[in-house]
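> Sequence first, then the predicted structure:
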Amino acid sequence: MKKNFKLENLDCANCAAKMEAAINKIDGVNATISFMTSKLTLEADDAAFDSAVEAAQKAIKKVEPDCLIVR
Amino acid sequence: MNKKQKRQLALIIIAFVILAVAAACEHFTNMPPQAYTAMYFVSYLIIGLGTLVKAVKNIFRGQIFDENFLMAVATIGATALGEMLEANAVMIFYQIGELFESCAVDRSRKSISELMDIRPDYANVLRNGEEIETDPYDVKIGEIIIVKPGEKIPMDGKITEGVTSLDTAALTGEAEPRAAEAGDEVISGCINLTGVIRVEVTKEFEESTVSKILDLVENAAAKKADVEKFITKFASVYTPLVCLAAALTAVLPPLIIPGETFSVWIYRALTFLVISCPCALVISIPLSFFGGVGGASKLGILVKGSNYLETLAKAETVVMDKTGTLTTGAFDIERIAAQPGYKDAEILELAAYAESYSHHPLSQSIISAYGKPFEAGRIVDVKEIAGRGVFAKIKAAASENMCAKAEDNAAGEVANVYAGNEKLMKDIGISSVPTLENTVVYIAVNGNFAGYITFADKIKPDAAEAVKKLKQLGVKKTVMLTGDKEQTARNVAAAIGIDEVRAELLPQDKVNETEKILAEKSPKRSVVFVGDGINDAPVLARADVGVAMGGLGSDAAIEAADVVIMTDEPSKLAAAIGIARKTTRIARQNVIVALGVKFAVLALAAIGFANMWAAIFADVGVAVLAILNSIRALNVSKFQ
């Protein structure tokens, strides 16, 4: 499944790049973050999708604590 | 500016004023050092506290090389070395850079969303004779919606009542309003200008043009260009490397070289840290591409990803479909030539019935020339023969004034009609048909050649100019692919100035020809294919960049292509390539200038020629320059 999420409080371009790299390290997850549109495109298995979003949120928080995935 | 940005600006101004007073006191008065040092501290805390707090927090989360940390270390270090003025200045300029960056990003986000301000908020739907305002999501196919002057058409449909003109500028960049009346298809996102219209909905909101376009543009930024990927990768190694270099610079030379002091080398190391922030680079690239994509959509050119702008900029060969791309595709009938024994009207009628299920442009113009409604039940069987034409079994009209041959038939007798090209005629055993230069449909009835209809295909008014512009942009070769006859194709190509023609191609031949062209291209250049998107989906997908023309209303085109030109003008292709060139040029300039300046200052700092002021320029100054440069990508007025 592939889904788009809006990211709240994404403040810096380099952070977005770091988040993208961190999320892509999660097993079975493929992600792109566009800083300009504040959007996260996440691709993962249907069964594991919710947990993938959860893991992505964790990875994002590590880079920028205020940044939230809008679900 | 938003609240956060205003607050930031206020802090910058206050800190700057205090700093200026402190510096003046230090240099021009005999004030005791404690006094101005205190002022320096106040100014530093006002501007830098936020950064210091963030830096500490980030360390606890394991994010060491983040820019807050770098700035904190650089400025605290400078303070410790007694360079308070410089420490303050670094912090203030850093904050100015951040503020500028966030304003620039907001501005270009806003200009894109204004551009994309085509999302309709509501629909007036007619239910049980009452007009109800509702969410467009709730309207179903087949319902009637009412659109008043000044409102956006919320979903795709067909006008059932009313006459009006439509403003399609948001979709096509076309300033001229388009007239529409009952029976016309309308597309969501257009603004109704003059009259009240009733529209029968043919597509749900999510499937409507406006939703598709918004999706497409919003997702374009997710497809990153190579240069963008390169720069993020670069940034992730650049910062740690520069920090390492800074650490070594601070410690090694004073230990190894006799006579060197720690304070000199630590100062140089701190200068390194200021330069090591990668943000200017990382932001300026997507900002340029975002501007390019946004600017292109202003002209009615939708680009599905930054990467396609990059490929488009490298266009070497442009392959174009003829019908619908270079020519209008609305064929006017030029002449109907019935063989002895048939009447012109009869030929037209048989052709119209035979072609009545076909969507081919030629069929459409035969049908509209015939102009009468089809009688139900006369068509017994229809078969489309790809690349040839159609075969149909048509009953003679019961009461019609059919001519000689048909009158011989008892009413209701079935005629086997073939309508198509010369190949079709040969296939059914008719070998001697008149060879014509024009586009032609031959008609055979019950195995006998009955006549033909010739068409004049109108070349689009801007086709020749489009080819000329492509050449000016450095496109080496233009090729036209068509299913049409060689001679017709050559005439059109000569009139427009196309270099090569491959004619009489079946749909699958077009893919093969494109493969051949792809094999011939120079490395690092690209082959662009432009088609009308309906029959060309495989070629659109195969070419380096597939461009679909006249995207309005054609889902197939929007889906298969990488770039969609919303209007029917081939000259927009040149505009698209122009914008792509400009955008990639800006991105490249940013990379070169930012890296060049940073490395130069790094080198100068290492040998002691660059102080912290130069480092501030290398960081903030370059960021500001790169951002200003990126914003240029939004300006596309010269491509109009």
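Structure's in. What do you need?
> How about the helix of greatest length in chain A and chain B, touching?
For chain A, the helix that runs over the most residues, judged by DSSP state H, is helix A:49-63. Yes: with Cβ under 8 Å from any Cβ of the partner chain as the criterion, chain B is reached by helix A:49-63 at A:62-63. For the C-beta atoms, the positions are set from N, CA and C on the backbone; glycine is no exception.
> how far is that helix from where the chain is centred?
Distance of helix A:49-63 from the chain centroid (Cα atoms, centre = their mean, to the nearest Å) equals 6 Å.
> Which residues does it contact?
Helix A:49-63 is contacted from outside by A:1, A:3, A:5, A:7, A:15, A:18-19, A:22-23, A:25-26, A:28-29, A:31, A:40, A:42, A:44-45, A:67-69, A:71, B:61-63, using Cβ atoms under 8 Å, 6 or more residues apart in numbering or on different chains.
> switch the cut-off to 6 Å
A:1, A:15, A:18-19, A:22-23, A:26, A:29, A:44, A:67, A:69, B:61 (Cβ atoms under 6 Å, 6 or more residues apart in numbering or on different chains).
> Also stretch B:15-26?
With Cβ under 6 Å, 6+ apart as the test, stretch B:15-26 has contacts from B:31, B:36, B:39-40, B:42-43, B:46-47, B:85, B:88, B:92.
> Same question for stretch B:229-245.
Surrounding stretch B:229-245, the residues in contact under the criterion Cβ under 6 Å, 6+ apart are A:14, A:17, B:65, B:272, B:276, B:278, B:281-282, B:285.
> So which residues on chain B come close to chain A?
B:61, B:218, B:221-222, B:232, B:235, B:278-279, B:282-283, B:286, B:290 (Cβ under 6 Å from any Cβ of the partner chain).
> and those, which are buried?
Neighbour-count burial (16 or more other Cβ atoms under 10 Å in any protein chain shown) applied to these gives B:218, B:221-222, B:232, B:235, B:278-279, B:282-283, B:286, B:290.
> and whatever residue of the stretch 301-450 of chain B ends up closest to chain A, how far is that from B:Gly474?
Residue of the stretch 301-450 of chain B nearest chain A, by Cβ to the nearest Cβ: B:Ser306 (9.3 Å). According to Cβ to Cβ, to the nearest Å, B:Ser306 stands 21 Å off from B:Gly474.
> Show the low-confidence segments of chain B, by residue range.
Scanning chain B for pLDDT under 70 picks out B:112-113, B:115-117, B:329, B:398-412, B:437, B:533-534, B:551-557.
> what's the residue closest to the geometric middle of it?
The residue lying closest to the centre of chain B (Cα atoms, centre = their mean) is B:Val303, at 1.6 Å.
> Against which helices or strands is the top helix by length along chain B packed?
In terms of residue count, the longest helix belonging to chain B (DSSP H) is helix B:571-606. Applying 3 or more Cβ pairs under 6 Å, 6 or more residues apart in numbering or on different chains; DSSP states H and E, we find helix B:571-606 packed against helix B:262-275, helix B:279-298, helix B:306-313, helix B:463-472, helix B:622-631.
> looking at those helices, which is closest to B:Val382?
Closest of these to B:Val382 is helix B:463-472, at 33.5 Å (criterion: Cβ to Cβ).
> tell me what that closest one is packed against?
helix B:486-496, helix B:571-606.
> Give me the distance between the residue in chain A sticking out farthest from the centre and chain B.
Of all residues in chain A, A:Ala47 has its C-alpha farthest from the mean position, at 17.7 Å, by Cα atoms, centre = their mean. To chain B, A:Ala47 is 24 Å away according to Cβ to the nearest Cβ, to the nearest Å.
> Equivalent analysis for A:Phe5, please.
For A:Phe5, the distance to chain B - Cβ to the nearest Cβ - is 11 Å.
> A strand includes that residue, no?
Yes: under DSSP: H, G, I helix; E, B strand; the rest coil, A:Phe5 falls within a strand.
> Quick check: the farthest pair among the contacts of helix A:49-63?
The largest separation in the contacts of helix A:49-63, counting by Cβ to Cβ, is between A:Met1 and B:Arg61 at 29.6 Å.
> Next to chain B, which bits of chain A? Give me the list.
Residues of chain A lying close to chain B by Cβ under 6 Å from any Cβ are A:13-14, A:17, A:32, A:34-37, A:41, A:62.
> which ones among these are found in helices?
Reading helices off these with DSSP H, I get A:13-14, A:17, A:62.
> Put the buried members of the residues you listed into a PyMOL selection.
Applied in PyMOL, the following selects the buried portion of these according to 16+ other Cβ under 10 Å:
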select buried, chain A and resi 13+14+17+62
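> now, which of the ones in helices among the residues of chain A next to chain B sits nearest B:Ile256?
A:Asn14 (33.9 Å).
> Please name the residues that touch the closest residue to B:Leu424 other than its chain neighbours.
The shortest distance from B:Leu424 to any residue other than its chain neighbours is 4.0 Å, reached at B:Arg388 (Cβ to Cβ, 6 or more residues apart in numbering or on different chains). Taking Cβ under 6 Å, 6+ apart, we find B:Arg388 in contact with B:420, B:423-424.
> among those, who's most crowded?
For the contacts of B:Arg388, counting by other Cβ atoms under 10 Å in any protein chain shown, the largest number of neighbours falls to B:Gly420: 25 neighbours.
> these two touch, right, B:Cys190 and B:Thr168?
Yes: B:Cys190 is within contact range of B:Thr168, at 5.0 Å (criterion: Cβ atoms under 6 Å).
> more neighbours, the two?
Per other Cβ under 10 Å, whichever of B:Cys190 and B:Thr168 has more neighbours is B:Cys190, with 27 against 24.
> tally of neighbours for the closest residue to the more buried one other than its chain neighbours?
Using Cβ to Cβ, 6+ apart and skipping residues adjacent in sequence, the residue nearest B:Cys190 is B:Leu166, 4.4 Å away. Neighbourhood size, B:Leu166 [other Cβ under 10 Å]: 23.
> Specify the local secondary structure of B:Leu166.
strand.
> for B:Ile159, same thing?
strand.
> What residues does it make contact with?
Applying Cβ under 6 Å, 6+ apart to B:Ile159 gives the contacts B:180, B:182, B:184, B:186, B:197, B:199.
> Buried only: go through these for me.
Of the contacts of B:Ile159, these count as buried by 16+ other Cβ under 10 Å: B:180, B:184, B:186, B:197, B:199.
> returning to what we had before: of the helices and strands packed on helix B:463-472, which stretch is the most buried?
Highest mean neighbour count of these: helix B:571-606, a mean of 21 (counted as mean count of other Cβ atoms under 10 Å in any protein chain shown).
> After it, which helix or strand is next?
Using DSSP states H and E, the next helix or strand after helix B:571-606 towards the C-terminus is helix B:612-616.
> list the buried ones in that next one?
For helix B:612-616, by 16+ other Cβ under 10 Å, it's B:612, B:614-616.
> Now flag whichever of these is closest to B:Glu176.
Among the buried residues of helix B:612-616, B:Ile616 lies closest to B:Glu176 (Cβ to Cβ), at 51.3 Å.
> so that closest one makes contact with B:Tyr94?
No: contact criterion Cβ under 6 Å: B:Ile616 and B:Tyr94 do not qualify, at 7.6 Å.
> Mutual contacts of these two, please.
Between them, B:Ile616 and B:Tyr94 share no contacting residue, judged by Cβ under 6 Å, 6+ apart.
> picking up where we left off before, from the residues of chain B next to chain A, which two are the most distant?
The two members of those with the most space between them (Cβ to Cβ) are B:Arg61 and B:Glu218, at 30.5 Å.
> Compute the distance between B:Arg119 and B:Ala610, please.
For B:Arg119, the distance to B:Ala610 - Cβ to Cβ - is 50 Å.
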